[in-house]
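Student: here are the coordinates; sequence isn't available:
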């Protein structure tokens with residue numbers, strides 16, 4: 001299922017990713033596993049415009065979710081428009097897609113940090 005994200009360029013944005021197992025219970029990354037959030041202009045780009053990696057210690061003990069934080073500097077120099085992201089878990093040589101290829105829209109801003 002697509003899960004589009006819209007953010008305003010140059011602002012702080014936080015959102016939680018809750019991974020569940022086949023029983024619907026919150027999944028906790030194990031030692032050596034990495035949750036990877038990546039944004040690219042399109043799927044054929046070789047480099048990330050934004051990349052965040054979370055590990056087991058980043059899990060919120062209360063909710064079981066992993067919080068991705070987009071800082072103003074992550075987007076301030078990107079052009080506004082449609083990008084794409086997905087989320088996956090790297091576990092050794094295995095890679096599991098958690099959120100499929102979805103739109104990541106960077107919107108224009110009028111005000112900015114430091115105005």
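Tutor: That came in fine, so what should we check first? Computed from a prediction, not measured in an experiment: that's the story for all the values here.
Student: residue 24: how many residues sit nearby?
Tutor: Other residues near residue 24 number 6, with proximity taken as other CB atoms under 10 Å. C-beta coordinates here come from the backbone N, C-alpha and C atoms, glycine included.
Student: now do the contacts for the closest residue to residue 71 other than its chain neighbours.
Tutor: For residue 71, ignoring the flanking residues on the chain, the nearest one in space by CB to CB, 6 or more residues apart in numbering is residue 12 at 6.2 Å. Under the criterion of CB atoms under 8 Å, 6 or more residues apart in numbering, the neighbours of residue 12 are 69-72.
Student: if we only consider those, which is nearest to residue 100?
Tutor: Closest approach to residue 100 among these (CB to CB): residue 70, at 19.5 Å.
Student: so which bits of stretch 52-59 are buried?
Tutor: In terms of neighbour count (16 or more other CB atoms under 10 Å), stretch 52-59 has its buried residues at 52, 54, 59.
Student: list the contacts for the last one?
Tutor: By CB under 8 Å, 6+ apart, the contact list for residue 59 reads 28-29, 65-66.
Student: give me the neighbour count for residue 27.
Tutor: If you count neighbours by other CB under 10 Å, residue 27 ends up with 18.
Student: mind pulling the model confidence for residue 99?
Tutor: Reported pLDDT at residue 99 in the predicted model: 94.
Student: which of the three states applies to it?
Tutor: The assignment at residue 99 comes out as strand when based on DSSP: H, G, I helix; E, B strand; the rest coil.
Student: verify the stated contact: it with residue 68.
Tutor: No: the pair formed by residue 99 and residue 68 falls short of the contact definition of CB atoms under 8 Å, at 10.7 Å.
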